[in-house]
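[1] 3D model of this:
(2 chains)
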Protein chains: 2
Amino acid sequence: MAVELAADEAHHFRHVLRLGANAEIEVFNGLGHQWTARVRPFRKRGPIVCDVTAMATAAAEPHVFVTLAIGALKGDQMDTVVRDTTMLGVQTIVPIVSEHVATSRRAAHKEQARERWHRIAVASAKQCGRAFVPVIMPALRFVALFDAFDADAVLMCVEPALPADATTELAVVPRPKRALAFIGPEGGWSKAELDFARQRNARLIHLGPRTLRAETAPTVLLSALWTVWGW
Amino acid sequence: MAVELAADEAHHFRHVLRLGANAEIEVFNGLGHQWTARVRPFRKRGPIVCDVTAMATAAAEPHVFVTLAIGALKGDQMDTVVRDTTMLGVQTIVPIVSEHVATSRRAAHKEQARERWHRIAVASAKQCGRAFVPVIMPALRFVALFDAFDADAVLMCVEPALPADATTELAVVPRPKRALAFIGPEGGWSKAELDFARQRNARLIHLGPRTLRAETAPTVLLSALWTVWGW
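    Just a heads-up that it's a prediction; the model follows:
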């Protein structure tokens, strides 16, 4: 089987790694498969093609498909979330949009952001030894999210201020096949959002008594989930 | 009881919050106690003093005192570790030094770094609602660490490459009073270090099948520990 490197990987191969023909490399398709491959002779410009020599073993994927729905974050915080949750085995990431209508300009801007997040996810997958690249979805409204994913467990991370008897211990949530997990915006959830989530059988969970930074909460959540459900 | 604000908190009060006399504030002593207080009239320059009006409830401290021993990190990665593990309830942080002799200049540099990390820990404690500020120790050599702390559980996070039968499941480690947890350098542990740790009854643990960034591993570890031992 012959494989052509994606343009930015070809650039990385030529100008950063500075490798030549016959180099042994590992390639992955982002869908969970990884191979060793040998690079064919190539020109100064143009594509780099390699021949697959063997299957390679990537890091095992989690037993549970987790979709992370995450409220709007400032600046480059979302970059951190994409990088770290890729490393922690997330399957899908969906930003939660609160505006009712996105202008076309904002939509274009968001598409650019989504491409950047995809590149960050690819880089993180390479670094952590994962052959699956999480899917970054376009933003969805909060209520739409509940219907968009076929999940047999819906979890909603809530602020420490919420009384403990309103929340569920993670340990009692049976391991699902697919989980949908919500991380709120910095300001927390509104009462209407919490009520809606409860009506849709979401389980409210605490991630400890301290207020977590929004960009770190997804890492804490996934670490807790795998501790309970198995890595 | 009257309390004088530390110099940088007084600066923050005057020039960032821009509050005046009689303002109601929360103060904490970094050792687990927090109060509400009322600010006395103050001059343009000079100290700001307030009168404690009531005890306040800070976020609960974990049941287990965790000391985090962490290998050398590049650039500002240690800042991230201090910020995030403060938020996740660490009690003590000790950098692991690998050099045999530190020059006086390097030692001075390290003392400066330690002061910066202390300020980061204070800021993170304020942000997460914690009234205890973790202690940042001077760096210690790897072998010295095993004798420096009175821990009834010693955990050592290892690379996913280490076979599973060499490691212990976190769930079977009984909840200790004091735990000492090692996070390795980017390059992982040497065989000599692993052998030494085993001789000293350290339990080797995996944090999942993917290679974690060194600055994120402490967050994953603490999240896993509290999931097993209780937040």
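[2] So A:Leu180 sits against A:Asp147, correct?
    No: between A:Leu180 and A:Asp147 there is no contact under C-beta atoms under 8 Å: 10.6 Å. (Each C-beta comes from the backbone N, C-alpha and C, glycine too.)
[3] Show me where chain A has its strands.
    A:2-4, A:24-28, A:34-39, A:49-56, A:65-70, A:92-97, A:135-136, A:140-141, A:153-158, A:178-183, A:203-206 (DSSP state E).
[4] Any idea which of those strands gets closest to chain B?
    strand A:203-206 (7.1 Å; C-beta to the nearest C-beta).
[5] Who are the packing partners of that closest one?
    Under the contact definition 3 or more C-beta pairs under 8 Å, 6 or more residues apart in numbering or on different chains; DSSP states H and E, strand A:203-206 sits against strand A:153-158, helix A:191-199.
[6] that older thread, distance to B:Ala192 and mean pLDDT added to the strands of chain A, as CSV?
    What follows is these, written out as CSV (distance: least, C-beta to C-beta, whole Å; pLDDT from 0 to 100):
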stretch, distance to B:Ala192, mean pLDDT
strand A:2-4, 41, 92
strand A:24-28, 29, 92
strand A:34-39, 31, 94
strand A:49-56, 30, 93
strand A:65-70, 38, 96
strand A:92-97, 41, 93
strand A:135-136, 43, 96
strand A:140-141, 52, 91
strand A:153-158, 42, 95
strand A:178-183, 41, 96
strand A:203-206, 42, 94
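[7] Same list (those) but as TSV, adding mean neighbour count and distance to B:Ala214.
    As requested, the strands of chain A are arranged in TSV below (neighbours: other C-beta atoms under 10 Å in any protein chain shown; distance: least, C-beta to C-beta, whole Å):
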stretch	mean neighbour count	distance to B:Ala214
strand A:2-4	12	31
strand A:24-28	16	22
strand A:34-39	18	23
strand A:49-56	14	24
strand A:65-70	24	23
strand A:92-97	20	23
strand A:135-136	18	25
strand A:140-141	14	34
strand A:153-158	22	25
strand A:178-183	23	24
strand A:203-206	18	28
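[8] Would you reformat the ones you listed as TSV and include distance to B:Ser223?
    Formatted as TSV, these follow (distance: least, C-beta to C-beta, whole Å):
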stretch	distance to B:Ser223
strand A:2-4	37
strand A:24-28	27
strand A:34-39	28
strand A:49-56	30
strand A:65-70	15
strand A:92-97	19
strand A:135-136	23
strand A:140-141	27
strand A:153-158	12
strand A:178-183	14
strand A:203-206	12
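[9] okay but A:His63 is in contact with A:Trp229, surely?
    Yes: with contacts defined as C-beta under 8 Å, A:His63 counts as touching A:Trp229 at a distance of 6.8 Å.
[10] Mutual contacts of those two, please.
    Common contact partners of A:His63 and A:Trp229 (C-beta atoms under 8 Å, 6 or more residues apart in numbering or on different chains): A:Arg175.
[11] With neighbour numbers in mind, choose between those two.
    A:Trp229 (18 against 13; other C-beta atoms under 10 Å in any protein chain shown).
[12] pretty sure the more buried one contacts A:Gly89?
    No: using C-beta under 8 Å as the test, A:Trp229 is too far from A:Gly89 to be in contact (10.6 Å).
[13] if I look at the nearest residue to A:Val66 once chain neighbours are set aside, how far off is B:Lys177?
    Using C-beta to C-beta, 6 or more residues apart in numbering or on different chains and skipping the chain neighbours, the partner closest in space to A:Val66 is A:Ala179 (5.0 Å). To B:Lys177, A:Ala179 is 34 Å away according to C-beta to C-beta, to the nearest Å.
[14] Which positions within the longest helix that chain A contains qualify as buried?
    If you go by DSSP state H, chain A has its longest helix at helix A:104-128. The neighbour-count check on helix A:104-128 (16 or more other C-beta atoms under 10 Å in any protein chain shown) flags A:114, A:117-118, A:120-126, A:128 as buried.
[15] Likewise for stretch A:199-219?
    Those buried within stretch A:199-219 under the rule 16+ other C-beta under 10 Å are A:202-219.
[16] Chain A against chain B: which residues are in contact?
    Taking C-beta under 8 Å from any C-beta of the partner chain as the criterion, the neighbours of chain B within chain A are A:59-60, A:84, A:87-89, A:127-130, A:160, A:170-171, A:206-213, A:216, A:219-220, A:223-224, A:226-228, A:231.
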